[in-house]
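Make a model of this:
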Amino acid sequence: MKKFINKRGSGLLILLLIFLILLTCLFIIEQIKKKPYPEKIVTEKKIIAPEKKEISYEGTSSKKGKIAIILDDVGWNPDITVHIKRIQVPLTLAILPDSPFGLRIAKNLSGKQNIELLLHIPLEPERTDSDTSISGSFLTVSMDDDEIKNRIDEYFEKFGPYIVGINNHMGSKFTQNQEKMDLLLKEIKEKKLIYVDSLTTQKSIGYSEAKKIGVRSIKRDIFLDNSSEPEEIVQGLLMAGKIAKKKGSAVAIGHARANTLKVLEEKLPEMLKEGYSFVSITQITR
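Okay, the predicted model is just below:
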């Protein structure tokens, strides 16, 4: 009998404990429902949420400015067309009217994609020496108006079908003379061409007079190869890039020399990847 009571008491105790555990669990569940989520979980959600970030396009497709490269003194090397094809960006070639291969080059390159041609008219410099000697092809301030007009007409009759405009070869004296520059610029306007002031002297009035007369014009920003050393030419290109980035565009003048062509061939692809664009001269002339 005692054994039966003990077994029955133990069973009741176990049932009581189970009942108490169930009540405790129910109480805990109700409290959890009423209590907000811990602060840590909220914080984690904020971290996971996407954040707006500045995206840098440097070195991909960003545009840092437009650069027009003019190569002066073209016409002495008939093989320049081979070098030009390897450079593969828009270029403007300025052809000397009295050069032995100028007309042949003009005919071969006229109308080619990415190539524009200027007539590189020789104008009188302030000083002459062994490096700046002038020939009979130069326009000088001592010429009368008819002589200058006749010379210009001869140049345009020969090169007119192939060129988009002119720029000056030398000319530090001529480009300061308002009377002679007005005469030259009126001829350019009549023929619907552009004028690029090579700015061989800071005293040049070419660009300002062209604007007054209504000639589409632009002026040089930098010479690339005052030195023929490759390192100096590279520095010239980098400076052209800085100018283009600041102003939106830059006109860089180099020359049809072996080192200049080699540097352009090697360096321009890098500058394209950096975001600079290269254009022909008429694209930035106003």
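
and Arg86, how many neighbours does it have?
10 (other Cβ atoms under 10 Å). No exception for glycine: its C-beta is placed from N, CA and C like everyone else's.

OK, contacts around it?
Listed by Cβ atoms under 8 Å, 6 or more residues apart in numbering, the contact set of Arg86 reads Glu265.

pLDDT value on it, please?
We have a pLDDT of 91 for Arg86.

In the protein, what residue spans correspond to strands?
Secondary structure of the chain (DSSP state E): strands at 65-74, 91-95, 115-123, 165-170, 194-197, 217-219, 222-223, 249-255, 276-279.

contacting residues around the second one?
Contacts made with strand 91-95 from outside it, assessed by Cβ under 8 Å, 6+ apart, are listed as 68-75, 80, 84, 102, 105-106, 109, 114-120, 159, 163, 167, 169, 256, 278, 280-281.

just to revisit the earlier point, can I get the strands of the chain in CSV with mean neighbour count?
Shown next, in CSV, are the strands of the chain (neighbours: other Cβ atoms under 10 Å):
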stretch, mean neighbour count
strand 65-74, 23
strand 91-95, 25
strand 115-123, 24
strand 165-170, 25
strand 194-197, 24
strand 217-219, 20
strand 222-223, 18
strand 249-255, 23
strand 276-279, 19
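
So which residue is smack in the middle of this structure?
When the chain is reduced to its mean C-alpha position, the closest residue under Cα atoms, centre = their mean turns out to be Lys66, at 2.9 Å.

Wait, Ala250 touches Lys64, no?
No: Ala250 is beyond contact range of Lys64, at 10.5 Å (criterion: Cβ atoms under 8 Å).

anything in contact with each of those two?
By Cβ under 8 Å, 6+ apart, Ala250 and Lys64 have these common neighbours: 241, 244.

re earlier: redo the strands of the chain as a markdown table? Include distance to Ser142 and mean pLDDT.
Shown next, in a markdown table, are those (distance: least, Cβ to Cβ, whole Å; pLDDT from 0 to 100):
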| stretch | distance to Ser142 | mean pLDDT |
| --- | --- | --- |
| strand 65-74 | 24 | 98 |
| strand 91-95 | 25 | 98 |
| strand 115-123 | 12 | 98 |
| strand 165-170 | 15 | 98 |
| strand 194-197 | 22 | 98 |
| strand 217-219 | 25 | 98 |
| strand 222-223 | 28 | 98 |
| strand 249-255 | 27 | 98 |
| strand 276-279 | 38 | 96 |
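
Compare the ones you listed and report which one is nearest to Asn150.
Checking the strands of the chain against Asn150 by Cβ to Cβ gives strand 115-123 as the closest, at 13.7 Å.

Give me the helices and strands touching that closest one, please.
Strand 115-123 sits against strand 65-74, strand 91-95, helix 102-109, helix 145-159, strand 165-170, with contacts defined as 3 or more Cβ pairs under 8 Å, 6 or more residues apart in numbering; DSSP states H and E.
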